[in-house]
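Novice: sequence and predicted model, in that order:
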Amino acid sequence: MKRKTQYIIIAVLLIGGISFYEIYLEDKEQQVVVDSGKTVKSNTNEFFLPTSTTGQIVHHNSYSLSYSEPHEQAEWVAYELKKEHLSNSNFKRPYFEIDPAVKTGAAHWRNYKKSGFDRGHLCPAADRAYNQNAYNETFLTSNISPQRHDFNSGIWNTLEQKVRYWADKYNGVYVITGGVLEDDLKTIGEEEVSVPNQFYKILIEYNSGKTKMIAFLIPHENSSFPLYEFVVSVDSIETLTGIDYFPELEDSLEDKLEASSDYKNWSFN
DNA sequence: CTGGGTATC
DNA sequence: GATACCCAG
């Protein structure tokens, strides 16, 4: 056999072997339903993690969160929505599970039953529909907040769809979202899950050339006003929540982006 | 898309 | 508790 032929055969075997190993790794990863809550996973860019006011940050495979035990919900959920995550998969909705990675004990979904409020996803199920495990992972009770149905299916749903539109248009966005957790909120259920009066969503986009940021603060009620009416500066949300959303960002850039409530760089078509 | 309620075993 | 089916914004 000629030496050249030998090289080709070795190369083919090598490439084949690597491919099978990748398939094996992928399969192995999919067996993990809920991880230990320690590792920062590939779908969460550690660089963009906000600070925690509660000291309890949990990392799942497809998103991270900071859990507030007093309010029995996350103060923020963060994840990267890549363009390739966008999917039309129509998975069956599983039951909500108590997040085992929340050491203080996440709320049971029974608190929401007959409460009159939706189990409103913070990281939307539709944003993690690229595989069944990622989709199922959004059905943890650490990823929901009590939401009025007209709000959830109305302007909040419209915003979530706009985020997917931007993820497609700008080749991915990074998302941070949650309710504004304050003292003396109305609560539901035996575990007294707080019902926020406002919800926020912050986006940063850095793939299309110039880093840009936008933030929304929406009262917990449906609205027929256009979304851009709810654009605020990140600074104003930080004042409300006490959370520093981009502590790792270079200071001068952070200061500039977070002070702005300008939305001219974001298409509202 | 966002969800809830009820019957059945 | 799980599954199937029907419903609405």
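Specialist: Arrived safely, thanks for sending. Fair warning: this is a prediction, and the values are worked out from it, not measured in the lab.
Novice: how long is stretch A:107-125 end to end?
Specialist: Length of stretch A:107-125, first residue to last, Cα to Cα, to the nearest Å: 19 Å.
Novice: quick one: mean pLDDT for it?
Specialist: The average pLDDT within stretch A:107-125 is 97.
Novice: please apply the same query to stretch A:201-221.
Specialist: Confidence over stretch A:201-221, taken as the mean pLDDT, stands at 95.
Novice: please save the CA atoms from that stretch in CSV.
Specialist: In CSV, the C-alpha atoms belonging to stretch A:201-221 read as follows (Å, rounded to 0.1, in the frame of the first residue of the first chain):
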residue,chain,number,x,y,z
LYS,A,201,-36.2,42.3,30.5
ILE,A,202,-32.7,43.4,29.5
LEU,A,203,-31.0,42.5,26.3
ILE,A,204,-27.4,42.9,25.2
GLU,A,205,-26.2,42.2,21.7
TYR,A,206,-22.6,42.0,20.7
ASN,A,207,-22.4,39.8,17.5
SER,A,208,-23.4,42.3,14.9
GLY,A,209,-20.5,44.7,15.3
LYS,A,210,-21.4,47.4,17.8
THR,A,211,-22.4,46.2,21.3
LYS,A,212,-25.9,47.5,22.0
MET,A,213,-28.3,47.2,25.0
ILE,A,214,-32.0,47.7,25.6
ALA,A,215,-34.2,47.4,28.6
PHE,A,216,-37.9,47.1,29.2
LEU,A,217,-39.9,47.7,32.4
ILE,A,218,-43.5,46.8,32.1
PRO,A,219,-46.2,47.1,34.7
HIS,A,220,-47.9,43.8,35.6
GLU,A,221,-51.0,44.4,33.5
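Novice: how far does that stretch sit from its chain's centre?
Specialist: 13 Å (Cα atoms, centre = their mean, to the nearest Å).
Novice: how far away is the closest residue to DNA strand C within chain A from DNA strand B?
Specialist: Nearest to DNA strand C, among the residues of chain A, is A:Ser153, at 3.4 Å (Cβ to the nearest atom of the strand). From N, CA and C alone the C-beta is placed, and that goes for glycine too. From A:Ser153 across to DNA strand B, the span is 4 Å (Cβ to the nearest atom of the strand, to the nearest Å).
Novice: tell me which residues touch that residue, please.
Specialist: Taking Cβ atoms under 8 Å, 6 or more residues apart in numbering as the contact definition, A:Ser153 lies against A:Asp118.
Novice: what backbone torsions are found at A:Thr158?
Specialist: phi -60, psi -40 (degrees, to the nearest 10).
Novice: correct me, but it touches A:Pro226?
Specialist: No. If you go by Cβ atoms under 8 Å, A:Thr158 and A:Pro226 don't touch, sitting 9.3 Å apart.
Novice: more neighbours: which of the two?
Specialist: Comparing A:Thr158 with A:Pro226 by other Cβ atoms under 10 Å, the one with more neighbours is A:Thr158, at 16 against 10.
Novice: what's that one in contact with, if anything?
Specialist: A:Leu227.
Novice: what does A:Gln147 give?
Specialist: Each residue near A:Gln147 by Cβ under 8 Å, 6+ apart is listed here: A:Phe117, A:Asp118, A:Gly120, A:Trp156, A:Phe199, A:His220.
Novice: how about A:Leu249?
Specialist: A:Leu257.
Novice: could you pull out the helices for the stretch 101-250 of chain A?
Specialist: For the stretch 101-250 of chain A, the helices defined by DSSP state H, counting those that start in this stretch occupy A:132-137, A:149-152, A:155-169, A:234-241.
Novice: the first one near DNA strand C anywhere?
Specialist: Read that as helix A:132-137. No. Helix A:132-137 lies apart from DNA strand C when judged by Cβ under 7 Å from any atom of the strand; the minimum separation is 12.3 Å.
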